[in-house]
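Visitor: Predicted structure and sequence below. I'll ask about it afterward.
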Amino acid sequence: LTAAALSSPELKSLAIARVDIWTSSACMYLRQTPVRSDILKSFGVPKLKKVHEPPQSQNSLLFTAARTTLPSRVWTYSRDLVLFKKMVSSVFAVCLAALSIVFIPCTALGGSQRPVLFLVSDDLRPQLNVAYGQKFMHTPNLDKLAQESMVFDRHYTNFAICSASRNSFMTGRMPDKTQVWNFINYFRESKYWKNDYLTLPGYFKSKGYITLGAGKLYHPNKPPNNDEPYSWSQDRSYVPPYIGDIVNQSCKLSADGKQQSWTCVEPDFADQSSDGTFLDNMRFADYNESVETAKNIEYVANIYKTKGTPFFVGLGVTKPHARWNVPEYFYNMYLGDNCALPLHPYSPHGVPDIAFTAELDGQENFSMAGPPGVPGAPKGPDTVYLPWPGHNTVPDWFVKNIRAGYYAAVSLADKHLGIALDALEAHGLKEETLVVFTADHGYQLGEHTEYGKHTNFELATHVPLIIRAPWIAGSKGTHTSQFTELVDLYRTVSSLAGLPAPDDSVDGVDKSILLTNPSANVSDGSFSQYSRCPGDRNWPDKYPGKHPAWFMNNCEKVPAPNITSMGYTVRTHSWRYTLWLEWDGASCSPKWASTTNYGRELYAHDDSSTFPIDFDCCENDNLIDDPRYTHVVAQLDAMLRKRYQHVGDGVGCPNTPPDAAPALEDDSHQ
């Protein structure tokens with residue numbers, strides 16, 4: 001029987017298959033029956049190393065090949081899964097019956113079921129030193145990670161706001177399927193969602209992984225309880241994000257409840273050292289979550305080493321999300337020349353009002369004093385109004401304060417992410433664990449007079465992505481300029497970890513091939529969208545009356561049927577095209593067939609050089625009415641419609657929570 005199995009044509013066919021061939025370690029489980037040395041030799045397996053002896057009650061011994069690489073003539077990987085399944089059923093079934101041997105084949109990119117460390121930052125544009133060429137930034141932990149990883153230069157969110165983005169990439173479904181366009185709904189309320197659908201961590205859990213999480217991975221309470229127990233194993237409880245920073249005087253609210261300052265500098269502490277080790281305490285958001293993640297890693301590492309159970313550990317840090325309650329040690333790094341003003345402090349020429357927003361996380365003005373160290377800052381409170389299209393009402397000292405606070409918060413996030421990365425290395429799992437780092441969306445720091453996210457512009461949609469897979473030869477310290485999206489992560493991370501492809505209900509594309517072929521043409525562009533509700537659609541009756549389309553127009557508190565417009569955008573190597581469509585409140589879908597719209601945009605891009613990232617380079621002139629580019633608009637419009645027009649067809653509006661306010665009539669559009 002053994003001889004027949006080893007001479008099987010299917011096995012020979014598998015051995016010579018040359019589709020993306022990889023050689024890797026073989027994992028072998030031996031049960032009860034002694035294995036003849038000539039059989040092992042025929043497979044090219046050297047001396048076996050005994051790595052674990054379970055209790056005798058299990059009546060088995062676990063062995064593994066001693067980190068060997070099998071020759072490609074013996075064991076190769078073929079993308080032909082039909083052939084693989086045929087081989088398993090017709091050949092290894094015979095081996096199992098004769099020898100009680102089960103071979104677990106390694107996947108295309110390394111081992112079988114790799115552990116995963118999944119790291120997410122909040123509101124982070126590609127503002128990193130080594131990864132994206134921002135040399136003045138202090139990000140040593142992410143710098144080290146980038147040097148050991150592949151950096152994705154063209155990675156984009158699918159919706160530039162926290163809840164909508166996270167409900168999308170944590171489930172692998174487009175926002176028009178999760179039906180999360182505000183801070184009211186979450187994906188399990190969508191009429192598209194079925195009970196047997198799995199989230200990203202839930203998919204790993206279904207494959208036998210221990211899944212543990214901490215911090216802001218999902219948006220707080222969207223879904224409730226961070227989706228326990230569906231997404232997360234119950235070995236250890238999920239650690240929710242701690243939002244309530246200790247706030248000093250400069251961060252207190254004014255009498256009317258508005259934030260006086262977005263940058264709140266903590267003074268030096270007696271235990272501060274030159275390398276900033278004073279940060280390791282509870283004064284700052286994300287420290288506790290990072291320490292708990294280190295404990296999660298210790299827990300799963302012990303199980304992985306003794307039982308072989310793989311893990312998916314997630315950590316979401318809330319910084320650099322505002323408020324920027326930051327250490328003075330970091331803040332002082334970004335004063336002076338490191339805090340340059342934006343080169344284009346006015347809105348793009350010809351931008352439609354609907355594309356712009358004149359608010360920062362729900363505030364249109366700030367009454368504040370300037371922090372020390374910023375030239376020109378007033379000593380007493382001064383009211384600053386955020387700008388609107390064609391105007392720049394923001395003084396330089398305000399911009400510098402915003403920028404220094406944001407940069408310092410990036411350094412703070414790096415510090416805390418380093419706690420998790422160090423824990424992985426300390427437990428000896430660095431070389432066999434897949435590490436993924438990204439963010440939910442980008443951020444604008446005065447470029448084009450925009451502040452925050454809440455737009456479809458480049459800086460709001462562009463996010464970092466760093467993937468470390470040490471077993472993939474050639475991926476260390478490399479870049480790819482091919483387009484990827486957050487919705488691709490579900491399929492890509494699953495593939496890199498060695499799991500089978502998810503079912504067809506999961507959106508996105510597996511782009512793991514980029515780690516071996518950075519130039520592979522995996523996509524012609526990236527796609528994003530954003531909702532608009534001018535005047536908050538009077539919600540909750542805060543701004544009654546008529547308003548310009550740019551005024552307080554985010555939809556965070558607006559029920560889905562009351563959205564005014566949805567803007568869809570596509571980014572290619574040469575262009576960004578955006579179309580703002582009227583929203584059908586009855587079906588909760590855009591009116592693709594309508595001949596009218598709220599505005600269109602066309603911006604030229606030059607991607608001949610993608611490193612370092614230039615935050616001031618582009619989107620200064622809307623070319624939508626230039627007759628020279630009519631054919632470009634037609635081509636990009638067709639791309640948008642192909643991607644979005646039938647997403648969520650016939651689904652209807654989400655199940656709005658009973659405490660949501662009733663619908664209101666449309667605002668007049670100006």
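Guide: Noted; the coordinates are in hand.

Visitor: what's the offset of stretch 542-551 from the middle of its chain?
Guide: Averaging C-alpha positions (CA atoms, centre = their mean, to the nearest Å) puts stretch 542-551 32 Å from its chain's average.

Visitor: Which residues belonging to it are considered buried?
Guide: The neighbour-count check on stretch 542-551 (16 or more other CB atoms under 10 Å) flags 543, 547-551 as buried. For glycine as for every other residue, the C-beta is placed from the backbone atoms N, C-alpha and C.

Visitor: Tell me the one of the residues you listed nearest residue 609?
Guide: Nearest to residue 609 out of the buried residues of stretch 542-551 is residue 550 (CB to CB; 32.5 Å).

Visitor: In which helix or strand does the closest one reside?
Guide: Under DSSP states H and E, no helix or strand contains residue 550.

Visitor: and it, what does it touch?
Guide: Residue 550 is in contact with 353-354, 356-358, 388-389, 534, counting by CB atoms under 8 Å, 6 or more residues apart in numbering.

Visitor: one more time with 10 Å, if that's ok
Guide: 347, 351-359, 387-389, 532, 534, 670 (CB atoms under 10 Å, 6 or more residues apart in numbering).

Visitor: again with residue 552
Guide: Contacts of residue 552 (CB under 10 Å, 6+ apart): 357-359, 362-364, 533-537, 539, 542-543.

Visitor: what do you get if the cut-off is 8 Å, keeping everything else the same?
Guide: Applying CB under 8 Å, 6+ apart, the residues near residue 552 are 358-359, 362, 364, 534-536, 542-543.

Visitor: filter those to the buried ones?
Guide: 358-359, 534-536, 543.

Visitor: which among the contacts of residue 552 gets closest to residue 314?
Guide: Using CB to CB, the contacts of residue 552 come closest to residue 314 at residue 362, 27.6 Å.

Visitor: Surely that closest one and residue 555 touch.
Guide: No. Contact status for residue 362 versus residue 555: not in contact, 11.6 Å apart, counting by CB atoms under 8 Å.

Visitor: Show me which of the contacts of residue 550 is closest to residue 170.
Guide: For the contacts of residue 550, the nearest to residue 170 is residue 532 (24.2 Å; CB to CB).

Visitor: how many neighbours does the nearest residue to that closest one once chain neighbours are set aside have?
Guide: Spatially, and ignoring its direct neighbours in sequence, residue 532 is nearest to residue 565 (4.4 Å; CB to CB, 6 or more residues apart in numbering). Using other CB atoms under 10 Å, the number of residues around residue 565 comes to 24.

Visitor: Just put the buried ones among the contacts of residue 552 in TSV and tack on secondary structure and pLDDT.
Guide: Formatted as TSV, the buried ones among the contacts of residue 552 follow (DSSP: H, G, I helix; E, B strand; the rest coil; pLDDT from 0 to 100):
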residue	secondary structure	pLDDT
358	coil	89
359	coil	85
534	helix	88
535	helix	82
536	helix	75
543	coil	74
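
Visitor: got a markdown table for these, with distance to residue 469 too?
Guide: Formatted as a markdown table, the buried ones among the contacts of residue 552 follow (distance: CB to CB, whole Å):
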| residue | distance to residue 469 |
| --- | --- |
| 358 | 43 |
| 359 | 40 |
| 534 | 45 |
| 535 | 48 |
| 536 | 44 |
| 543 | 49 |
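
Visitor: which of the residues you listed lies closest to residue 169?
Guide: Closest to residue 169, out of all of the buried ones among the contacts of residue 552 and judged by CB to CB, is residue 359, at 24.9 Å.

Visitor: Would you agree that closest one is in contact with residue 554?
Guide: Yes. If you go by CB under 8 Å, residue 359 and residue 554 touch, sitting 6.8 Å apart.

Visitor: Find residues that contact each of the two.
Guide: If you check residue 359 and residue 554 against CB under 8 Å, 6+ apart, the residues they both contact are residue 454.

Visitor: The nearest residue to residue 235 once chain neighbours are set aside and residue 624, how far apart?
Guide: In this structure, residue 235 finds its nearest non-sequential neighbour in residue 210, 5.9 Å apart by CB to CB, 6+ apart. Distance, residue 210 to residue 624, using CB to CB, to the nearest Å: 51 Å.
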